[in-house]
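Asks: sequence and predicted structure below; questions after.
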Amino acid sequence: MTYTLAGPVDETMASASDTLIIAMIVTYAAALFLFAIEAAYGRRIKLRAGRLMPVGAGSVEGADDDIEVSVRTHEGEAAASQSVLGRIALGVTALGFVFGLAQIITRGLAAGRWPWGNMFEFVVAMCLVAVGALLYAAWRYQARFLGAFVLVPVLLLLGIGVRWLYVDPGPLIPALQSYWVPIHVSAVIIAGGAFMVSGAAGITYLVAHRAEAKRALGEKVVGIAGRLPSPELLDRISHRFILFAFPLWTFGVIAGSVWADEAWGRFWGWDPKEVWSFISWVIYAAYLHARATGGWRGPKATWINVIGFLTVMFNFFAVNYMFSGLHSYA
């Protein structure tokens with residue numbers, strides 16, 4: 001069955017959308033500049049204690065004597081570089097998020113359909129989710145120190161989108177005219193944005209872990225690496241976003257298969273996008289298995305996370321752009 005999901009283009013909304021994407025990029029660039037100054041020159045201070053999921057060692061009353069249960073409810077002490085510029089940067093980032101949300105709404109109104117039907121719209125939506133996840137992490141986990149690490153890929157992806165992926169609002173290609181597409185794409189966008197934050201936290205963890213190892217050897221660590229928070233805190237943040245994103249990614253892969261069956265009469269066709277989506281799923285499943293069993297933790301598990309993040313980005317951009325029509329309209 002074919003669904004009509006597009007109408008005449010609203011030029012006023014299209015113009016507003018184009019203006020908002022530029023405003024969003026400028027705003028994020030300003031926020032990145034402020035975050036970078038805070039990371040490099042802010043004063044390293046202790047973060048207040050926060051409540052996280054049980055992650056430490058302990059026992060539960062009434063449990064079998066032969067069973068050990070992890071029950072810690074408080075994170076250990078952590079410190080990070082902070083200054084008033086970081087708080088300003090967070091406010092500027094929130095303003096950019098509002099611009100991004102308005103851009104997506106006006107883009108959808110301009111085209112008269114759901115606003116992620118091509119690679120340009122997909123990139124903008126995923127970056128919006130990544131920034132939203134950053135704002136949540138800053139509020140929930142005092143993790144605004146991730147701002148400099150998350151906004152770098154966000155700005156790169158937005159730049160790629162505007163420079164090479166941009167197309168004017170218009171109707172969808174026939175294969176995308178299905179109600180399953182917004183369901184599938186929405187799940188993948190949200191998961192992809194969360195994976196971006198988790199990947200940024202994982203990369204930051206590797207830098208912080210190396211800095212901590214140098215300190216243990218008596219070496220002096222200078223620059224941003226010496227002002228990062230504890231690797232354990234970064235590891236927990238990264239883990240939490242994967243726990244959130246992985247079920248959505250799983251649902252997105254399943255929904256994509258249902259869409260493929262509806263559009264082409266088969267659930268699986270070894271399409272490069274399908275293959276790489278499954279590869280990413282396997283990698284993140286391996287990460288969660290390694291964490292759950294306790295066999296691999298620390299840098300080993302984090303490298304799995306980083307590799308998974310790179311496969312997701314490769315799938316979104318290299319594979320989709322080379323093998324898919326999602327970067328253009330019919």
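Replies: On my side now, so go ahead. Just so you know, these numbers come straight off a predicted model, no measurement behind them. Numbers count the residues shown, from 1 in each chain.
Asks: C-alpha from now on. contacts and neighbour counts both.
Replies: OK.
Asks: helices of this structure, start to end?
Replies: For the chain, the helices defined by DSSP state H cover 11-41, 84-111, 119-141, 147-160, 180-216, 231-264, 272-293, 299-314, 320-323.
Asks: tabulate those (CSV), appending mean neighbour count and mean pLDDT.
Replies: What follows is the helices of the chain, written out as CSV (neighbours: other CA atoms under 10 Å; pLDDT from 0 to 100):
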stretch, mean neighbour count, mean pLDDT
helix 11-41, 20, 95
helix 84-111, 21, 96
helix 119-141, 22, 93
helix 147-160, 20, 92
helix 180-216, 22, 91
helix 231-264, 20, 91
helix 272-293, 17, 91
helix 299-314, 20, 92
helix 320-323, 15, 55
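Asks: of all those helices, which one is nearest residue 169?
Replies: Nearest to residue 169 among these is helix 84-111; the distance by CA to CA comes to 5.2 Å.
Asks: tell me what angle that closest one forms with helix 147-160.
Replies: 30 degrees (axes from the mean of the first three to the mean of the last three CA atoms, to 10 degrees).
Asks: now helix 84-111 against helix 11-41, angle please.
Replies: Angle, helix 84-111 to helix 11-41, by the same axes, to 10 degrees: 160 degrees.
Asks: mind checking how far helix 84-111 is from the chain centre?
Replies: Offset of helix 84-111 from its chain centre (CA atoms, centre = their mean, to the nearest Å): 16 Å.
Asks: cool, stretch 80-93 as well?
Replies: 20 Å.
Asks: equivalent analysis for stretch 20-33, please.
Replies: On CA atoms, centre = their mean, the centre of stretch 20-33 falls 18 Å from that of its chain.
Asks: tabulate the CA atom coordinates of it in PDB.
Replies: Extracted C-alpha coordinates of stretch 20-33, given in PDB (Å, rounded to 0.1, in the frame of the first residue of the first chain):
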ATOM      1  CA  LEU A  20      17.300  28.300  11.700                       C
ATOM      2  CA  ILE A  21      19.900  25.700  10.600                       C
ATOM      3  CA  ILE A  22      22.500  28.400  10.200                       C
ATOM      4  CA  ALA A  23      21.500  29.900  13.600                       C
ATOM      5  CA  MET A  24      21.800  26.500  15.200                       C
ATOM      6  CA  ILE A  25      25.300  25.900  13.800                       C
ATOM      7  CA  VAL A  26      26.500  29.300  14.900                       C
ATOM      8  CA  THR A  27      25.000  28.800  18.400                       C
ATOM      9  CA  TYR A  28      26.600  25.400  18.800                       C
ATOM     10  CA  ALA A  29      30.000  26.800  17.600                       C
ATOM     11  CA  ALA A  30      29.800  29.500  20.300                       C
ATOM     12  CA  ALA A  31      28.900  26.900  22.900                       C
ATOM     13  CA  LEU A  32      31.800  24.700  21.900                       C
ATOM     14  CA  PHE A  33      34.200  27.600  22.200                       C
END
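Asks: which residues touch that stretch?
Replies: 88-90, 92-93, 95-97, 99-100, 102-103, 147-148, 151-152, 155, 158-159 (CA atoms under 8 Å, 6 or more residues apart in numbering).
Asks: report the contact partners of the nearest residue to residue 238 once chain neighbours are set aside.
Replies: Excluding its sequence neighbours, the residue lying closest to residue 238 (CA to CA, 6 or more residues apart in numbering) is residue 198, at 4.3 Å. Residues near residue 198 by CA under 8 Å, 6+ apart: 237, 238, 239, 240, 241, 242, 305.
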